[in-house]
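*Asks:* Give me coordinates for this.
(2 chains)
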Protein chains: 2
Amino acid sequence: MPGREEFNDWYNEIVERLELTDKRYPIKGMNVWRPYGWKLMRNIDSLIRHEFDSTGHDEVLFPLLIPKDQFAKEAEHIKGFDSEVYWITHAGLNKLDVPLLLRPTSETAMYPMFSLWVRAHTDLPLKIYQLVNTFRYETKQTRAFIRVREIHFFESHTCHVDFEDAERQVDEDTKILRRFAGKLCIPYLLCKRPDWDKFAGAFYTLGIDALMPNGKALQIGSIHQYKENFSRPYDIQYEDESGEHRYVHQTTFGMSERLVGTIIGIHSDDKGIIIPPAVAPYQLVIVPIISKKGAVEVMNAATKLRDEIASAGIRVHLDDRGLRPGNKYYHWEERGVPLRVEIGLRDIEKNSVVLVRRDTGEKSFVPRSGLITAIQAAMDAVEKNLWDMAEEKLKENILIVDSIDDVVISEDEDTASGIYSMPWCGSEECAHAIEEKTGLGLLGVPSNRGNPEYAGSYEGKKCAICGKGAISMVMAAKSM
Amino acid sequence: MPGREEFNDWYNEIVERLELTDKRYPIKGMNVWRPYGWKLMRNIDSLIRHEFDSTGHDEVLFPLLIPKDQFAKEAEHIKGFDSEVYWITHAGLNKLDVPLLLRPTSETAMYPMFSLWVRAHTDLPLKIYQLVNTFRYETKQTRAFIRVREIHFFESHTCHVDFEDAERQVDEDTKILRRFAGKLCIPYLLCKRPDWDKFAGAFYTLGIDALMPNGKALQIGSIHQYKENFSRPYDIQYEDESGEHRYVHQTTFGMSERLVGTIIGIHSDDKGIIIPPAVAPYQLVIVPIISKKGAVEVMNAATKLRDEIASAGIRVHLDDRGLRPGNKYYHWEERGVPLRVEIGLRDIEKNSVVLVRRDTGEKSFVPRSGLITAIQAAMDAVEKNLWDMAEEKLKENILIVDSIDDVVISEDEDTASGIYSMPWCGSEECAHAIEEKTGLGLLGVPSNRGNPEYAGSYEGKKCAICGKGAISMVMAAKSM
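*Replies:* Numbering: from 1, shown residues only, chains lettered A, B, ... in the order given. I've put the predicted structure just below:
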């Protein structure tokens, strides 16, 4: 893993060297997904599809373009996005009567339709999601996967009979998040954002943050409770059992291609990146060890092995290029393939293969008959180890302090000392004071729906600012 | 299947009634993909992904936006698209220095990058594809899936060392098309378009057309040979084995969501639509036959059946709603689910189930032990029957005539008598004369890479216009 100082340069360089993305596209912040990067993203998409499908969400696809008048219906929402949307003013040779914008997020595209779809309590809950690209005119320095202007993301949108049912949806979302992030080996903080940093239009926002190697926090997604904030302006009403008309309560949950950036950032070592098995474009690469004798035999055995592993549903690649094995090892280690199988003439004679883990370098001789089981077990072990290492790193970098005076701010703009956690009295005044005195941004109060234990306990402690009794911890960090 | 006259109204109504799409989105020609329609589209996408992946194409994703100056590099191309692109002129509160357009197709997005990626003959062939939405400002009457302004489509783009290798790619594309259209049960015409109707910038275009129930042709895709027409303006050169620099030869292949419209149009009867098994959202629906006695036993058996069928990789749905079986039959027949399994107490006792085909209504009693095999066989039979019926219909509606005087033009704008095929001398003059005298558009000369036998033989025949010896048949139709 690169050190705090090296991270920025290392990251910017490796995403292109491994052909995950190409930043040379002639629009800043809009990059090309190359085959290896896009395979990784698509595997991440498949995982979340599986989660949503198995929790009763339906996949849909809404139009990209939103008429200006629909966009303007929720006052807070438009205030939040006005300065970062792309405007279409002309089509063909005509000026449009109503300008259209590219979705920065899809509330204002979906909710006019929800208003038509929801009629009675029997239509609820309505649970849908889509996987699309979204567009935000970033004015900050762009960075592949992390801060781009065309963003690949998922967004789920739900409607409920009341606040409590919407809260149950937030609970479900946090459970989906736990399973999903587990497969991606990304430990995260789940914090209720301060009011001044919640999503434009939300009742409250749970921010999802990961720790990057430079010590900064990276927001990788969020879950929002909207209450009736959107259903009122968009008139999404239902008739309840007694015939009364009520507004629905809504939630959303979204995460973006920042997940790719996070995987690259947190699962890496001197050899390159390490991709969690659940989303690796190739979960296993086979390198045939060819010597003068028995080349055909080895290639045949390797091909048979490839087919057998593939038919077990494992994403396998046979590297049959005319290169030396060492070069192939280097190539695939750098690209993060979690497992490697080596097979040579001696292995064929012994009816076994060599299985190598990317994360630990550990080699084992596996009998041919038990290979699929051994591969599955090795993938589980890699997943567990990647999670444990990343969680250890996160814990190490959460700096639990009692007083604002214990906060040490790195003077280097590109790095941070970690994520601070401190006791807080609950007053908005003290929250603002933390931001002002440290220059850090508040991630918010650790949610019980996440892993609040990462943040330490506030019990018996006093507010880091005013010294009154604390009612929670609050987390603060430099964000990427 | 609706008659010629009923087709338009029937189509416009059924796409919404079956909840495939919602046309009430507040931008004309930009519709919402509802869950059932989007599942169908995604299954079509999976099929083509499988075809491209297994022929050595890599999936990528290019940005949606294209700077005006890149778009303008190939003169013919911009002439062809200038009047139908959406222009972004502002972002946030700023006016953009260089206007951006939404891709109408991705040549001008991809080829500046190809120019960076292709260096030497060892980089060739380059074969990539993407599945994206594309945008065209249609001025004609819009129609769901068939003429929309946001179009879901796939596009493959390839680069080759020379014209011959690019021709081999066109051959491969036509083979992919044959397999793919076979699974969709869409028989098609493959015609080399006349020069004045080829794709803007192409050397030649093979148009892919299907027959719709109103007697009109619907272009569902195309394959283009570009020769060096794009590689010169975009400077895509490689160094050949002797160290010389040469321009690559390029091809593209694309088809769109019109495939969904075609399936709906051509596979339908009085009960509703019939979806080919390979792409059906549900390939099989289970309807439990519940009577007063043994309700729990039947539901348990139905659930077990569902799990067993699902684990064989079949997309199955258990309809456990509290409705009468007849209502469920009606519901799923209308929506085109190719197979239905009924299971009641008596079936459990006999250790069998009832299997019903959607296309023929044929019922059979299948012993429980051979069920998966029977389902697979039934799906194959439905696929074959849907293809055969549609091919028969296509053949019936190809009107082979000797002279232009035999062409009968329907006066009704919304219908056509079918697709005409006639002998042609090969002169551009006579081709124009056919269009002028009949008011039909030329689909072009039937390609040997398709099924030229549909068009009849030109041998020994004389040009339908000038009476000189024919060198091919030429096809003409009203297009949707």
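*Asks:* in the stretch 151-300 of chain A, which spans are helices?
*Replies:* Remark: helices assigned in the stretch 151-300 of chain A by DSSP state H, counting those that start in this stretch are A:163-184, A:258-266, A:295-311.
*Asks:* wait, I meant the stretch 351-480 of chain A
*Replies:* Using DSSP H, counting those that start in this stretch, helices in the stretch 351-480 of chain A cover A:371-396, A:428-438.
*Asks:* so can I have a markdown table of those helices showing mean pLDDT, mean neighbour count and distance to B:L124?
*Replies:* (Each C-beta comes from the backbone N, C-alpha and C, glycine too.) What follows is the helices of the stretch 351-480 of chain A, written out as a markdown table (pLDDT from 0 to 100; neighbours: other CB atoms under 10 Å in any protein chain shown; distance: least, CB to CB, whole Å):
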| stretch | mean pLDDT | mean neighbour count | distance to B:L124 |
| --- | --- | --- | --- |
| helix A:371-396 | 98 | 17 | 35 |
| helix A:428-438 | 96 | 16 | 56 |
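*Asks:* then the helix or strand harbouring A:I14 to CSV, C-alphas only?
*Replies:* According to DSSP states H and E, A:I14 maps onto helix A:7-17. Written as CSV, here are the backbone C-alpha positions of helix A:7-17 (Å, rounded to 0.1, in the frame of the first residue of the first chain):
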residue,chain,number,x,y,z
PHE,A,7,-1.0,8.0,-2.5
ASN,A,8,-2.2,10.7,-4.8
ASP,A,9,0.4,10.2,-7.5
TRP,A,10,0.4,6.4,-7.1
TYR,A,11,-3.4,6.4,-7.6
ASN,A,12,-3.5,8.7,-10.6
GLU,A,13,-0.8,6.6,-12.3
ILE,A,14,-2.0,3.1,-11.5
VAL,A,15,-5.6,3.5,-12.8
GLU,A,16,-4.2,4.1,-16.2
ARG,A,17,-1.3,1.8,-16.2
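*Asks:* quick one: is it near chain B?
*Replies:* No. Against chain B, helix A:7-17 shows no contacts by CB under 8 Å from any CB of the partner chain, the least distance being 11.4 Å.
*Asks:* Is any residue of the helix or strand that that helix is followed by near chain B?
*Replies:* Next helix or strand after helix A:7-17 toward the C-terminus (DSSP H and E): strand A:21-22. Yes. Judged by CB under 8 Å from any CB, strand A:21-22 and chain B are in contact via A:D22.
*Asks:* And the residue lying closest to A:A181 once chain neighbours are set aside, what's its pLDDT?
*Replies:* Once flanking residues are discounted, A:A181 sits nearest to A:Y188: 5.5 Å by CB to CB, 6 or more residues apart in numbering or on different chains. pLDDT for A:Y188: 98.
*Asks:* what do you get for A:D97?
*Replies:* We have a pLDDT of 93 for A:D97.
*Asks:* SS state for it?
*Replies:* Of the three states, A:D97 takes strand according to DSSP: H, G, I helix; E, B strand; the rest coil.
*Asks:* From B:R147, how far out is it?
*Replies:* Distance of A:D97 to B:R147, computed by CB to CB, to the nearest Å: 21 Å.
*Asks:* more crowded one of the two?
*Replies:* Legend: neighbour count by other CB atoms under 10 Å in any protein chain shown for A:D97 and B:R147, higher for B:R147 (17 against 6).
*Asks:* which residues does that one contact?
*Replies:* B:G29, B:E138, B:K140, B:Q141, B:M480 (CB atoms under 8 Å, 6 or more residues apart in numbering or on different chains).
*Asks:* How about A:F114?
*Replies:* Counting by CB under 8 Å, 6+ apart, A:F114 touches A:L126, A:H157, A:C159, A:Y234, A:I236, A:V248.
*Asks:* So which one of these is the model least confident about?
*Replies:* A:Y234 (95).
*Asks:* pretty sure it contacts A:S115?
*Replies:* Yes. With contact defined as CB atoms under 8 Å, A:Y234 reaches A:S115; the gap is 5.5 Å.
*Asks:* Looking at the two, which is more packed in?
*Replies:* The neighbour comparison of A:Y234 against A:S115 (other CB under 10 Å) goes to A:Y234, with 22 against 15.
*Asks:* what about A:S403, distance to chain B?
*Replies:* Applying CB to the nearest CB, to the nearest Å, the value for A:S403 to chain B is 40 Å.
*Asks:* Angles on the backbone of that residue, please.
*Replies:* Dihedral angles of A:S403 (phi, psi; degrees, to the nearest 10) stand at phi -130, psi 150.
*Asks:* what do you get for A:Y129?
*Replies:* Main-chain dihedrals, A:Y129, degrees, to the nearest 10: phi -150, psi 160.
*Asks:* check contacts around the residue lying closest to it once chain neighbours are set aside.
*Replies:* Distances taken as CB to CB, 6+ apart place A:S156 nearest to A:Y129, at 3.9 Å, with adjacent residues excluded. Each residue near A:S156 by CB under 8 Å, 6+ apart is listed here: A:F52, A:H57, A:K127, A:I128, A:Y129, A:D173, A:T252, A:F253, A:G254.
*Asks:* The third one reaches A:V60, doesn't it?
*Replies:* If I follow you right, that is A:K127. No. Using CB under 8 Å, A:K127 is not in contact with A:V60, being 10.5 Å away.
*Asks:* mind checking the end-to-end distance for stretch A:265-278?
*Replies:* Start-to-end span of stretch A:265-278 (CA to CA, to the nearest Å) is 17 Å.
*Asks:* what comes up buried for it?
*Replies:* Within stretch A:265-278, the residues that count as buried by 16 or more other CB atoms under 10 Å in any protein chain shown are A:G265, A:I266, A:H267, A:S268, A:G272, A:I273, A:I274, A:I275, A:P276, A:P277, A:A278.
*Asks:* what residues does that stretch touch?
*Replies:* A:1-2, A:7, A:11, A:14, A:18, A:40, A:43, A:47, A:183-186, A:210-213, A:218, A:263-264, A:281, A:283, A:330, A:333-339, A:358-359, A:379-380, A:382-383, A:386, A:390, A:393.
*Asks:* that older thread, export the contacts of A:F114 to CSV and append columns for distance to chain B.
*Replies:* Formatted as CSV, those follow (distance: CB to the nearest CB, whole Å):
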residue, distance to chain B
A:L126, 11
A:H157, 13
A:C159, 15
A:Y234, 12
A:I236, 14
A:V248, 18
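*Asks:* out of these, who has the most neighbours?
*Replies:* Counting neighbours by other CB under 10 Å, A:V248 comes out on top of these with 30 neighbours.
*Asks:* residues contacting that one?
*Replies:* Counted by CB under 8 Å, 6+ apart, A:V248 has contacts A:F114, A:V118, A:L124, A:L126, A:C159, A:H160, A:V161, A:E228, A:S231, A:I236, A:Q237, A:Y238.
*Asks:* Please name the nearest non-neighbouring residue to the fourth one.
*Replies:* When the adjacent residues along the chain are set aside, A:L126 lies closest to A:C159, with 4.2 Å between them (CB to CB, 6+ apart).
*Asks:* The one you found pairs with what?
*Replies:* Judged by DSSP bridges, the bridge partners of A:C159 are A:L126, A:Q250.
*Asks:* just A:K462 next, same as before
*Replies:* A:G469.
*Asks:* What separation is there between it and A:Y454?
*Replies:* If you measure A:K462 against A:Y454 using CB to CB, the figure is 21 Å.
*Asks:* Give me the more crowded residue out of these two.
*Replies:* A:Y454 (20 against 16).
*Asks:* which non-adjacent residue is nearest that one?
*Replies:* A:I398 (5.6 Å).
*Asks:* OK, contacts around that neighbour?
*Replies:* Shown in contact with A:I398 (CB under 8 Å, 6+ apart): A:G418, A:I419, A:Y420, A:S421, A:Y454, A:A455, A:G456, A:M475.
*Asks:* Contacts only, for A:K192.
*Replies:* Residues in contact with A:K192 (CB under 8 Å, 6+ apart) are A:Y204, A:T205, A:L206, A:G207, A:G444, A:V445, A:S447.
*Asks:* Bridge partners for the third one, pull those for me.
*Replies:* On the basis of DSSP bridges, A:L206 is bridged to A:K192, A:I223.
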